[in-house]
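Asker: Here you go, sequence then predicted model.
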Amino acid sequence: MTSFLDLLAVPPTLLALGEPTHGESAFLQIRNEAFMSLAEHGYRSIALESDRVAGLIADEFVRGSTTVTLERALAEGFSHGFGTAPANRDLLLRMREWNAGRPASGHLTFHGFDAPLEMDHAPSPWRYLTRVCDFLGLDRSAEIDDLIGDEARWSDTAAIWEPGRSIGRSADAQRLRVIADDLLTELYLQAPRRIEGWREAFVHATTAVAVLRYHAAAAAPLAREERFARLAGVRDALMAENLLAIRSAEAHRGPTLAFAHNTHLQLQPSTITMAGKDMSWAGAGTILASLLNERYAVIVGSVGVSPALGIGAPPTSTYEGRLQQEAMLPRYVRASEIPPAEQRTHDYRYFPLDQVTIEHADAVLHIPTGVDIAVLADRILALPGVEQLVASEDNGSPEGAWGDRFFYVGPDRRQPFATLVEHDVPGFDESSQLDRPGVYRLNLDLGRIEFERRFGFPPKAFEEHRHEFDFARLDTLVPHPGYALYGFGSIVMPGPQMLPEVDRLLEIAHARAVDRHERAARRTADQQG
């Protein structure tokens with residue numbers, strides 16, 4: 001892919017990379033590659049559309065903490081369920097590996113920049129306020145507990161849509177906002193003698209204020225459509241505030257990459273039509289661009305096909321359709337070089353490119369297709385003479401393998417040259433963690449020569465090197481955890497940027513299968529002759 005840094009007129013201090021939808025792993029996988037490349041160019045932090053307080057736990061892991069495990073970092077270090085995304089596991093591990101052996105000044109840091117809320121609910125500020133009190137050594141628990149009262153009145157989803165049910169403008173909520181403000185003042189007063197842990201306490205304090213602001217906005221006596229736009233705008237304002245705070249903390253170390261949905265990062269205001277009314281609000285990107293000017297740049301994401309989300313090929317007359325025709329691999333394109341086209345249909349699974357978005361973006365990252373098992377199976381079946389066997393009950397395959405795909409050349413099915421599997425084999429093959437939702441693995445017969453060329457040791461020496469590999473990492477060719485001794489390699493969830501390499505490896509494996517088939521055919525002919 002073209003280096004996106006070459007497409008930017010001025011090197012930004014906050015570079016935003018957007019995705020047009022959540023749930024397509026290809027964007028996260030390419031984001032990981034982009035960030036690690038940016039680290040080589042001086043970037044030292046990444047900020048994701050995830051709860052800022054939760055991000056403190058993920059950052060502890062990234063910084064090499066011995067008390068925060070990877071499992072905890074994924075379970076508690078992300079909000080909105082993003083910790084289950086396999087690519088986010090890889091991001092944390094790659095950042096931790098970068099940091100190992102480097103001085104703190106060169107460490108990569110992880111941030112969330114969202115508030116701990118959804119459009120239809122928000123928590124109480126209790127945990128954030130008590131955390132700050134604990135740090136400051138203040139005992140205000142009885143007062144705070146009394147003002148919080150029943151937690152259910154804070155988390156009531158109906159309150160977001162019915163102002164009269166919201167606690168946001170009650171006397172208790174107003175008093176809590178005063179307490180939160182007082183705690184922020186006290187944090188600054190104690191900073192000279194309490195710097196250890198201060199920034200974490202500050203994040204908790206500002207999050208308490210953010211939650212109370214959101215509840216107050218939910219209590220505003222507005223019509224339903226206006227309330228939606230107001231709440232969306234408040235959330236984006238909180239995101240912008242968090243990103244500015246992150247940049248303030250990171251300014252002396254290097255630029256930051258922000259990753260989120262396009263609608264949060266784009267420069268133009270966000271809009272939505274509800275009950276026939278067009279509602280608009282300033283997104284986080286709109287706010288940041290007005291305050292940071294050329295120090296903020298945005299690359300918006302687009303996708304052609306997403307098997308994971310059921311998004312089919314775009315019409316050729318659309319922006320995505322034309323980008324599809326020009327290249328079948330992910331690429332960055334300068335926004336000014338994209339000619340006018342039609343807008344793709346918007347069905348809320350995907351927010352398509354339009355003229356306004358492109359006019360206000362610095363560049364576009366277009367991914368022609370996400371990659372799932374079916375996409376890879378089609379590429380393998382396109383090779384000459386290939387036959388596929390899908391494991392099932394009907395063909396006598398063990399239940400644990402049902403759905404796995406095996407590819408052969410010729411009728412002799414003793415040894416597949418490639419397989420696509422979605423299941424762990426308990427006690428034998430669990431290193432790739434294929435039990436994670438949506439995770440699969442491509443296995444390839446590399447042969448002894450290619451295996452040694454790739455890994456630097458022959459198949460027979462694999463066990464001596466097993467500890468060197470993370471078999472669960474995406475986009476990485478590794479020895480097969482169970483069949484490396486036979487010259488097999490494997491890749492977990494190869495992303496679209498890896499397709500050329502996948503094709504090269506398939507050619508090697510396929511050639512070996514063709515050679516075996518032809519040798520077997522000659523032996524049979526000799527025996528019959």
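Answerer: Cool, got the structure. Residues are numbered from 1 along each chain as shown.
Asker: Can you give the distance of the longest strand along the chain from its chain's centre?
Answerer: The longest strand of the chain (DSSP state E) is strand 296-305. Here the centre of strand 296-305 is set off from its chain's centre by 14 Å, with C-alpha atoms, centre = their mean, to the nearest Å.
Asker: Same question for stretch 172-181.
Answerer: Centre to centre, stretch against its chain (C-alpha atoms, centre = their mean), the figure for stretch 172-181 is 35 Å.
Asker: average pLDDT across that stretch?
Answerer: Confidence over stretch 172-181 (mean pLDDT, whole number) is 96.
Asker: how about the helices of the stretch 1-150 of the chain, start to end?
Answerer: Secondary structure of the stretch 1-150 of the chain (DSSP state H, counting those that start in this stretch): helices at 25-39, 52-62, 70-76, 86-99, 126-136, 141-148.
Asker: is it possible to export those to CSV including mean neighbour count?
Answerer: The way it works is simple: take the backbone N, C-alpha and C, and place the C-beta from them, glycine included. Below are the helices of the stretch 1-150 of the chain laid out as CSV (neighbours: other C-beta atoms under 10 Å):
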stretch, mean neighbour count
helix 25-39, 22
helix 52-62, 24
helix 70-76, 17
helix 86-99, 20
helix 126-136, 20
helix 141-148, 14
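Asker: do you know which of these lies nearest Leu323?
Answerer: helix 25-39 (14.4 Å; C-beta to C-beta).
Asker: Which neighbouring elements make contact with the closest one?
Answerer: Where contact means 3 or more C-beta pairs under 8 Å, 6 or more residues apart in numbering; DSSP states H and E, helix 25-39 is packed against strand 14-19, helix 86-99, strand 256-261, strand 296-305, strand 363-369.
Asker: Any stretches of this structure with poor pLDDT?
Answerer: 1-3, 529 (pLDDT under 70).
Asker: Look through it and tell me its longest helix.
Answerer: The helix spanning the most residues in the chain, taking DSSP state H as the definition, is helix 499-528.
Asker: tilt between the longest strand of the chain and helix 25-39?
Answerer: For strand 296-305 against helix 25-39, the angle by axes from the mean of the first three to the mean of the last three C-alpha atoms, to 10 degrees is 150 degrees.
Asker: Strand 296-305 to strand 14-19, inter-axis angle?
Answerer: Going by the same axes, to 10 degrees, strand 296-305 makes 20 degrees with strand 14-19.
Asker: Show me what strand 296-305 is packed against.
Answerer: Right, strand 296-305 is packed against strand 14-19, helix 25-39, helix 262-265, helix 284-292, helix 319-326, strand 363-369 by 3+ C-beta pairs under 8 Å, 6+ apart.
Asker: Would you check that Pro314 makes contact with His346?
Answerer: No: taking C-beta atoms under 8 Å as the definition, Pro314 is not a contact partner of His346, at 11.9 Å.
Asker: Next, show the common contact partners of the two.
Answerer: Pro352 (C-beta atoms under 8 Å, 6 or more residues apart in numbering).
Asker: Looking at those two now, which is surrounded by more residues?
Answerer: Pro314 (25 against 10; other C-beta atoms under 10 Å).
Asker: Contact partners for the more buried one?
Answerer: Here Pro314 is in contact with Gly304, Val305, Glu320, Gly321, Gln324, Arg344, Pro352 (C-beta under 8 Å, 6+ apart).
Asker: Next: Gln325.
Answerer: So Gln325 contacts Thr316 (C-beta under 8 Å, 6+ apart).
Asker: how much space between it and Arg44?
Answerer: In this view, Gln325 and Arg44 are 38 Å apart by C-beta to C-beta, to the nearest Å.
Asker: rewinding a little: of the helices of the stretch 1-150 of the chain, which approaches Ala521 most closely?
Answerer: Across those, closest to Ala521 is helix 25-39 (C-beta to C-beta), at 40.3 Å.
Asker: So which elements touch the helix or strand hosting Phe406?
Answerer: Here Phe406, judged by DSSP states H and E, is contained in strand 405-409. When contacts are defined as 3+ C-beta pairs under 8 Å, 6+ apart, strand 405-409 packs onto helix 373-381, strand 386-390, strand 418-421, helix 499-528.
Asker: deepest of the ones you listed, which one?
Answerer: strand 418-421 (a mean of 23; mean count of other C-beta atoms under 10 Å).
Asker: Who are the packing partners of whichever helix or strand comes after that strand?
Answerer: The helix or strand immediately downstream of strand 418-421 is strand 441-445, counting by DSSP H and E. In terms of contacts (3+ C-beta pairs under 8 Å, 6+ apart), strand 441-445 is packed against strand 418-421, strand 488-492, helix 499-528.
Asker: follow-up on the earlier one: partner strands of the strand holding Phe406 and their direction?
Answerer: Its sheet considered, strand 405-409 pairs with strand 386-390 (antiparallel), strand 418-421 (antiparallel) by DSSP bridges.
Asker: Let me know which of these is the nearest to Leu212.
Answerer: Per C-beta to C-beta, nearest to Leu212 of the strands paired with strand 405-409: strand 418-421, 49.4 Å.
Asker: what's Gln433 sitting at in phi/psi?
Answerer: The phi/psi pair for Gln433 (degrees, to the nearest 10) reads phi 50, psi 50.
Asker: burial measure for it, as a count.
Answerer: 15.
Asker: Does Ser280 fall in a helix, a strand, or a coil region?
Answerer: strand (DSSP: H, G, I helix; E, B strand; the rest coil).
Asker: gap between it and Arg230?
Answerer: For Ser280, the distance to Arg230 - C-beta to C-beta - is 11 Å.
Asker: which of these two has more neighbours?
Answerer: For Ser280 versus Arg230, neighbours defined as other C-beta under 10 Å are more numerous around Arg230 (16 against 13).
Asker: Output the contacting helices and strands for the helix or strand containing that one.
Answerer: Element membership of Arg230 [criterion: DSSP H and E] is helix 224-250. Other elements packing on helix 224-250 under the criterion 3+ C-beta pairs under 8 Å, 6+ apart are strand 45-51, strand 109-114, helix 158-161, helix 198-218, strand 256-261, strand 270-274, strand 277-281, helix 284-292.
Asker: if I pick the residue nearest to Leu485 when sequence neighbours are not counted, what's in contact with it?
Answerer: Using C-beta to C-beta, 6 or more residues apart in numbering and skipping the chain neighbours, the partner closest in space to Leu485 is Pro459 (5.3 Å). With C-beta under 8 Å, 6+ apart as the criterion, the residues that contact Pro459 are Arg448, Phe451, Glu452, Pro479, Ala484, Leu485, Tyr486, Gly487.
Asker: Next, work out how far apart the fourth one and Glu452 are.
Answerer: It stands for Pro479. 11 Å.
Asker: Could you do Glu507 as well?
Answerer: 18 Å.
Asker: Quick one: residues contacting Gln415.
Answerer: Gln415 touches Tyr408, Asp445, Ala513, Arg516, counting by C-beta under 8 Å, 6+ apart.
Asker: Same question for Pro384.
Answerer: His510, Val514.
Asker: Reduced to three states, what does it come out as?
Answerer: coil.
Asker: Also Glu393?
Answerer: Glu393 ends up coil, using three-state DSSP.
Asker: Could you report the neighbour count for the spatially closest residue to it that is not a sequence neighbour?
Answerer: Once flanking residues are discounted, Glu393 sits nearest to Trp402: 6.6 Å by C-beta to C-beta, 6+ apart. Applying other C-beta under 10 Å, we find 15 residues neighbouring Trp402.
Asker: State the phi and psi torsions of Trp402.
Answerer: Per-residue torsions, Trp402: phi -60, psi 130 (degrees, to the nearest 10).
Asker: you'd agree it is up against Ser392?
Answerer: Yes: assessed by C-beta under 8 Å, Trp402 is found in contact with Ser392 at 5.6 Å.
Asker: Ser490 bridge partners, please.
Answerer: Asn443, Val478.
Asker: For it, give me its contacts.
Answerer: Ser432, Arg441, Leu442, Asn443, Leu444, Phe471, Leu477, Val478, Pro479, His480, Pro481.
Asker: Please tell me how far it sits from His423.
Answerer: 14 Å.
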